[in-house]
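**Student:** let's see this in three dimensions:
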Amino acid sequence: MIRAVLLSTAAVLVTAIPALAQDEAAARRILERTPLIDGHNDLPWALRQQHGNDPHAVDLTANLDASTELHTDIPRLRAGGVGGQFWSVYVPASLTPVEAAKATFEQIDTVKRLVAAHPDVFELATTADDIQRIHRRGKIASLIGMEGGYSIADSLGLLREFHDAGARYMTLTHSATTSWADSATDAPKWGGLNAFGEEVVREMNRLGMMVDLSHVSEETMLDAMRVSGAPVIFSHSSARAVTAHPRNVPDSVLRLLPEDGGVVMVTFVPGFINEEVRAWGAARSAEDARLKSLNPGDPDAVTAGIKAWIAAHPAPRAGVEDVVAHIQHVRDVAGIDHVGLGGDFDGVGSLPVGVEGVDAYPRILAALMANGWSEADIRKLAGENVLRVMRRVEAVAANQNGARPSLARLSEAGAPE
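**Tutor:** All right, here's what the predicted structure looks like:
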């Protein structure tokens, strides 16, 4: 009798659990066997800006959600089921190339010190096999991704040194057009890649370094995909057809991914995934420019004016549903084999509701499962697609084993004005 009552009570409790919670639990079980690989996290830059570039200056073993502005800490990484993380070694495009190269090496050092500070949690990885081996050991595979081709200072020798230091992708541009590649958010100079830019891509292929096309113009995307002998990645981009931000990937490029083999790792930046947020940000920027033109030399007036404008125009918010819409669109246009995840945590000032930290991945996956995604689909999105791309990039490099390094130099015709 007692056993029957207990079983009946348990049945009631099970049926009372919301379906989404059950999907989250199912997602976590999937991530125990398949590493969730996030393409872009800016914690190293956040440590540099907020904590003296010292991984020991903040207790990453504690949940820091309430006590800091950080989106990332070890408890939330564990709760999010993160199995592989590309740590971005971003430095600003405003630096001179030589300053950028120095700062990027310093950021690589930061990643290595972060890993060394928590050896029971993190382990450096440089290959797809490394990721799977480290994940099986219950650790988080830590990889290095460069953000901004200006960091190589127009030197393929420096590119090789960054690869030797552990960098496994390089975003060809950031916010500004470089001396060899056009950015999505700057005036074009080359119509995509110039001749030296094409040599950069070929040398990345030879090294086994993934070509990352987040931040680049559509013409640069097309040129890089034409030149590269290996699949490309977008480490943190979303779909332009859903949100008309130039940082997003247009359908014309998404449709090329099945032939290319690459993957778009959908990002969570509110202005990239929600059209109302994007339009609000553009209007705020326009108002800021207007106030500065009306109040030259009076920053207090500009600050007061922006504060009043925001009070009159409250900022809209993105949500989990926006993230899901972009993931679904990339899948619909490019196919299930060409979509991944690249949150951009700690690289943005705000995040969607329900996606406030690195613990959000099971919620996102659960929402997709509620929309009919299978376990096999979730595995591909979470990590299998990226592992496949990495293995193909490694194979292309292995096929060039013994090929001499490129000695190409930026010609005077390709030098910055």
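**Student:** going forward, measure contacts and count neighbours with C-alpha atoms only.
**Tutor:** Will do.
**Student:** I'd say residue 222 and residue 255 touch.
**Tutor:** No - using CA atoms under 8 Å, residue 222 is not in contact with residue 255; the gap is 11.5 Å.
**Student:** in this structure, what helix or strand scores lowest on average pLDDT?
**Tutor:** Ranking every helix and strand in the chain by mean pLDDT, DSSP states H and E puts helix 2-16 at the bottom, with a mean of 35.
**Student:** and the next helix or strand past that helix?
**Tutor:** On the C-terminal side of helix 2-16, the closest following helix or strand by DSSP states H and E is helix 19-33.
**Student:** what lies in contact with that following helix?
**Tutor:** The contact list for helix 19-33 (CA atoms under 8 Å, 6 or more residues apart in numbering) reads 81-83, 136, 362-363, 365-367, 369-370, 375, 378-379, 382.
**Student:** CA-only coordinates of it in PDB, if you can.
**Tutor:** Backbone C-alpha positions of helix 19-33 (Å, rounded to 0.1, in the frame of the first residue of the first chain) are rendered in PDB as follows:
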ATOM      1  CA  ALA A  19       8.200  20.200 -20.100                       C
ATOM      2  CA  LEU A  20      11.000  22.800 -20.500                       C
ATOM      3  CA  ALA A  21      12.600  21.700 -17.300                       C
ATOM      4  CA  GLN A  22      12.600  18.100 -18.500                       C
ATOM      5  CA  ASP A  23      14.200  19.300 -21.800                       C
ATOM      6  CA  GLU A  24      16.800  21.200 -19.800                       C
ATOM      7  CA  ALA A  25      17.600  18.000 -17.900                       C
ATOM      8  CA  ALA A  26      17.800  16.100 -21.200                       C
ATOM      9  CA  ALA A  27      20.100  18.800 -22.700                       C
ATOM     10  CA  ARG A  28      22.400  18.400 -19.700                       C
ATOM     11  CA  ARG A  29      22.600  14.700 -20.200                       C
ATOM     12  CA  ILE A  30      23.500  15.200 -23.900                       C
ATOM     13  CA  LEU A  31      26.300  17.600 -22.800                       C
ATOM     14  CA  GLU A  32      27.800  14.900 -20.600                       C
ATOM     15  CA  ARG A  33      28.700  13.000 -23.700                       C
END
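**Student:** now it: buried residues?
**Tutor:** By neighbour count on 16 or more other CA atoms under 10 Å, the buried set for helix 19-33 is 20, 23-24, 26-28, 30-31.
**Student:** so which of the residues you listed sits lowest on pLDDT?
**Tutor:** Ranked by pLDDT, the buried residues of helix 19-33 bottom out at residue 20, which has 75.
**Student:** about what we covered before: mark which of the contacts of helix 19-33 are buried, thanks.
**Tutor:** 81-83, 362-363, 365-367, 369, 378-379, 382.
**Student:** make a markdown table from the buried residues of helix 19-33 and add distance to residue 260 to it.
**Tutor:** What follows is those, written out as a markdown table (distance: CA to CA, whole Å):
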| residue | distance to residue 260 |
| --- | --- |
| 20 | 35 |
| 23 | 32 |
| 24 | 32 |
| 26 | 32 |
| 27 | 29 |
| 28 | 31 |
| 30 | 27 |
| 31 | 27 |
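**Student:** where does the prediction get shaky in this structure?
**Tutor:** Where the chain drops to pLDDT under 70, the residues are 1-18, 412-417.
**Student:** quick one: the strands in it?
**Tutor:** Along the chain, the segments classed as strands by DSSP state E run 36-41, 82-88, 122-124, 140-147, 167-171, 210-212, 233-234, 263-266, 339-341.
**Student:** packing partners of the third one?
**Tutor:** The helices and strands touching strand 122-124, judged by 3 or more CA pairs under 8 Å, 6 or more residues apart in numbering; DSSP states H and E, are helix 97-117, strand 140-147.
**Student:** what of the fourth one?
**Tutor:** With contacts taken as 3+ CA pairs under 8 Å, 6+ apart, strand 140-147 sits against strand 82-88, helix 97-117, strand 122-124, helix 128-136, strand 167-171.
**Student:** indicate which one of these is closest to residue 270.
**Tutor:** Nearest to residue 270, of all the helices and strands packed on strand 140-147, is strand 82-88, at 19.1 Å by CA to CA.
**Student:** put the alpha carbons of that closest one into CSV.
**Tutor:** Only the C-alpha atoms of strand 82-88 are listed here, as CSV (Å, rounded to 0.1, in the frame of the first residue of the first chain):
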residue,chain,number,x,y,z
VAL,A,82,30.4,24.0,-21.3
GLY,A,83,32.9,21.4,-22.5
GLY,A,84,35.1,23.5,-24.8
GLN,A,85,35.7,27.2,-24.7
PHE,A,86,37.5,29.4,-27.3
TRP,A,87,38.8,32.2,-25.1
SER,A,88,39.1,35.4,-27.2
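**Student:** given that strand, what are its sheet partners and their directions?
**Tutor:** Here strand 82-88 is paired, per DSSP bridges, with strand 36-41 (parallel), strand 140-147 (parallel).
**Student:** just want the angle from that strand to helix 19-33.
**Tutor:** Orientation check (axes from the mean of the first three to the mean of the last three CA atoms, to 10 degrees): strand 82-88 against helix 19-33 gives 80 degrees.
**Student:** how far does strand 82-88 sit from the chain's center?
**Tutor:** Relative to its parent chain, strand 82-88 has a centroid offset of 9 Å by CA atoms, centre = their mean, to the nearest Å.
**Student:** how far off strand 167-171 does it point, in degrees?
**Tutor:** Angle, strand 82-88 to strand 167-171, by the same axes, to 10 degrees: 60 degrees.
**Student:** residue 409 and residue 101, how far apart?
**Tutor:** Plainly put, residue 409 is 17 Å away from residue 101 if you go by CA to CA, to the nearest Å.
**Student:** of these two, give the one with the bigger neighbour count.
**Tutor:** Remark: of residue 409 and residue 101, residue 101 carries more neighbours, 21 against 15, as counted by other CA atoms under 10 Å.
**Student:** got a list of what the more buried one touches?
**Tutor:** By CA under 8 Å, 6+ apart, the contact set of residue 101 is 150-153.
**Student:** repeat for residue 241
**Tutor:** 250-251.
**Student:** going forward can the numbers begin at 10, since that is how I track them
**Tutor:** In the new count, where the first residue is 10, that last one comes out as residue 250.
**Student:** could you dump the helices and strands packed on strand 149-156 to CSV with distance to residue 240?
**Tutor:** Shown next, in CSV, are these (distance: least, CA to CA, whole Å):
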stretch, distance to residue 240
strand 91-97, 17
helix 106-126, 24
strand 131-133, 23
helix 137-145, 14
strand 176-180, 12
